[in-house]
Structures are given as C-alpha cells and as structure tokens.
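Asks: what's the 3D shape of this:
(one chain, ligands or ions: 1)
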Amino acid sequence: MDLRPIGVFDSGVGGMTVVKELMDVLKEESLVYFGDTARVPYGSKSKQTVTKYSFQNTRFLLSQGVKAVVIACNTASATSLEDVRAQFDIPVFGVIEPGAVAAVNASRNKKVGIIGTERTILSGAYEKAIKALDPSIDIKSVACPLFVPLVEEGWADTEVAYMVAREYLKPLKESGVDTLVLGCTHYPLLMNTISKVMGDVTLVNPARETALMVKERLSEMGLCAQRQAVPEYRYFVSDNPEKFEEIGKNFLKRPVSGIKLVDIEQY
Ligand code: DGL
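Replies: The predicted model follows:
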C-alpha cells in the first residue's frame with residue numbers, strides 16, 4: 001500500500017484525457033499533473049528536444065514525491081519512454097504499449113490504422129509495438145497535425161473538423177482498416193467526428209487502456225493506495241494557468257482549479 005500520488009505529464013492540456021481515465025479506473029489514487037503549456041506542441045519537435053523536456057518534467061514530478069510516472073503524451077511516449085525509464089529509478093508508464101495491445105486484440109481483419117502527431121508517426125513506435133505483438137498485422141499510419149488546434153479551439157464537433165477529418169482519414173478508409181488507434185491525447189475529443197468519417201471501425205483510446213494497465217502494474221508491485229483513500233488532485237503548468245483552467249474542463253469533463261505555475265527550466 002502506498003499513498004503517494006501518481007505523477008502524470010503531457011505537453012499541455014491534452015493529457016487531461018488520460019487523467020480522466022486514471023480518475024475513473026484508479027479512484028483512490030492521488031494525482032499530480034504537469035502540463036508543459038509553455039513549450040507545447042511536442043508533436044512537431046525533434047526527438048532530442050522532446051527527450052530533454054521529458055527528463056525535466058519527470059524531475060519536477062519526482063520533486064512532488066510521486067511513486068510512479070505516466071507519460072500521458074503520445075509524442076513523448078513514442079520518442080522518450082525508454083530514455084526516461086533508463087534515467088530514473090521509478091516505474092514509468094507510456095501510452096503506446098497499452099494502445100498497441102488494445103488494437104491487436106480488437107482487429108479481426110488484421111488491418112490497423114494509427115493517427116497521431118508528426119513526431120509520433122515518424123517515430124514508428126506504434127508500428128513497432130504492434131508488430132512485436134503480431135507481425136502479421138498490416139499497419140497504415142497518418143499524421144493529423146490540424147486535429148490538435150481544432151480541439152483546443154473547441155471545434156471538435158463542427159463541419160470544419162468533419163472536412164479536415166475526411167481528408168486525413170481518406171487513405172485509412174481506403175486501406176480497409178477495421179481498427180484505428182487514436183494516437184494523440186486530443187483525439188478522444190474527436191471520437192464522434194472520426195467515427196462519422198470511418199463508419200464501422202473500432203476506435204482505440206490509448207488513454208483508457210493506459211489507466212487499466214497502470215492499475216494492473218501498480219497492484220502487482222504493491223504500490224496501490226488503500227481502498228477508500230480520498231484522492232487529492234494537483235495541477236501544475238509551465239505557462240498560462242487561466243487558459244489551462246478554461247480548456248482543461250473540456251478534456252476532463254469537470255472543472256479544474258488550483259492550477260499552479262512552475263518554472264520548468266529549473267529542473
Ligand atoms: N500531447 C500530444 C500527443 O499526445 C499532442 C500535442 C502536442 O503536439 O504536443 O502527442
């Protein structure tokens with residue numbers, strides 16, 4: 001039994017989709033969230049830069065006394081999970097492996113689509129994770145960089161989002177995938193629009209799968225909080241807490257308050 005919080009970081013507000021699932025699946029666990037709102041987006045940056053940011057974010061979370069770290073950001077998970085694991089002596093979870101396991105389990109025709117940021121798609125991380133589980137699966141990957149600003153603008157369920165989605169998803173539809181991994185923190189908010197375009201295709205939300213995997217692994221390691229523990233949620237950002245409060249509630253589906261500012265360059 002361990003009452004210390006779980007640390008979660010993301011490039012900004014998107015990781016709140018992972019927080020939502022963690023709160024739902026791990027009801028007794030306290031959470032410390034760090035959103036790197038000063039340096040977002042990670043999706044268009046190099047591996048070196050994203051890895052440097054991931055190290056700083058992890059150091060900050062460790063300074064808050066966390067017992068484990070969840071890299072909620074797909075881009076950071078895809079590029080720097082192994083480096084963070086090698087650098088820090090604490091359990092570190094990413095979102096790629098849980099998403100890959102769910103996709104392999106869901107696909108019947110062994111054709112899986114992946115969508116994510118440019119960096120996530122370039123990294124090939126989802127492909128590697130899926131192929132390691134089942135080499136016979138055909139994978140089609142597409143970067144969808146406009147999805148993030150659309151969601152942050154609050155335009156997820158609009159005609160504009162639908163038109164953009166139709167363009168991006170055309171090659172995936174044509175390739176006949178029966179399963180599509182929403183490989184970016186923001187994409188669960190586009191579920192309706194993506195579903196309208198893709199039709200009868202299973203959409204995998206790695207956030208949900210990650211929360212389930214974190215629960216299983218923490219329990220194996222004897223690191224879960226006790227039953228009926230009352231969780232505490234703390235939020236930190238590297239810029240603009242007011243904006244985070246305003247947009248964060250759309251991702252979390254409940255109000256977010258008490259957000260504190262951190263000078264992440266000190267870590
Ligand atoms: N959080 C990022 C991800 O899941 C999306 C936003 C960004 O590019 O930083 O890949």
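Asks: When you work out contacts or count neighbours from here on, use the C-alpha atoms and nothing else.
Replies: Fine.
Asks: Could you tell me which residues of the stretch 1-150 of the chain lie near the ligand?
Replies: 10, 11, 14, 40, 41, 42, 43, 73, 74, 75, 117 (Cα under 6 Å from any ligand atom).
Asks: dump the residue contacts of the first one.
Replies: Meaning residue 10. 34, 35, 36, 71, 72, 73, 76 (Cα atoms under 8 Å, 6 or more residues apart in numbering).
Asks: From those residues, which land in strands?
Replies: 34, 35, 71 (DSSP state E).
Asks: just checking, the last one touches residue 78?
Replies: It stands for residue 71. No. Using Cα atoms under 8 Å, residue 71 is not in contact with residue 78; the gap is 9.7 Å.
Asks: These two: which is more packed in?
Replies: residue 71 (28 against 25; other Cα atoms under 10 Å).
Asks: Now for residue 59, which secondary structure element holds it?
Replies: helix 47-63 (DSSP states H and E).
Asks: Which residues of the stretch 151-267 of the chain lie near the ligand?
Replies: Going by Cα under 6 Å from any ligand atom, the residues of the stretch 151-267 of the chain near the ligand are 184, 185.
Asks: how does it look with 8 Å?
Replies: Counting by Cα under 8 Å from any ligand atom, the stretch 151-267 of the chain comes close to the ligand at 183, 184, 185, 186.
Asks: for residue 213, phi and psi?
Replies: phi -70, psi -40 (degrees, to the nearest 10).
Asks: measure the nearest residue to it once chain neighbours are set aside to residue 191 for me?
Replies: Nearest residue to residue 213, sequence neighbours excluded (Cα to Cα, 6 or more residues apart in numbering): residue 98, at 6.7 Å. Residue 98 sits 18 Å away from residue 191, going by Cα to Cα, to the nearest Å.
Asks: More neighbours: these two, which one.
Replies: Remark: of residue 98 and residue 191, residue 98 carries more neighbours, 22 against 17, as counted by other Cα under 10 Å.
Asks: for the host helix or strand of residue 115, packing partners?
Replies: Here residue 115 sits within strand 111-116, counting by DSSP H and E. Contact partners of strand 111-116 among helices and strands, from 3 or more Cα pairs under 8 Å, 6 or more residues apart in numbering; DSSP states H and E: strand 138-143, strand 179-183.
Asks: who's in contact with the residue lying closest to residue 248 once chain neighbours are set aside?
Replies: With sequence-adjacent residues excluded and distances taken as Cα to Cα, 6+ apart, residue 248 is closest to residue 13, at 5.9 Å. Residues in contact with residue 13 (Cα under 8 Å, 6+ apart) are 35, 37, 244, 247, 248, 251.
Asks: so where does residue 13 fall, helix or strand?
Replies: Short version, using DSSP H and E: residue 13 is in no helix or strand.
Asks: what number of residues lie near residue 85?
Replies: Other residues close to residue 85 by other Cα under 10 Å number 15.
Asks: So residue 210 is in contact with residue 94, correct?
Replies: Yes. Under the criterion of Cα under 8 Å, residue 210 makes contact with residue 94 at 7.4 Å.
Asks: can you tell me the distance between the two ends of stretch 193-208?
Replies: End to end - Cα to Cα - stretch 193-208 spans 19 Å.
Asks: Which elements pack onto the helix or strand where residue 151 lies?
Replies: Using DSSP H and E, residue 151 maps to helix 147-152. Contacts defined by 3+ Cα pairs under 8 Å, 6+ apart place helix 147-152 against helix 159-174.
Asks: No further queries at this time; thank you.
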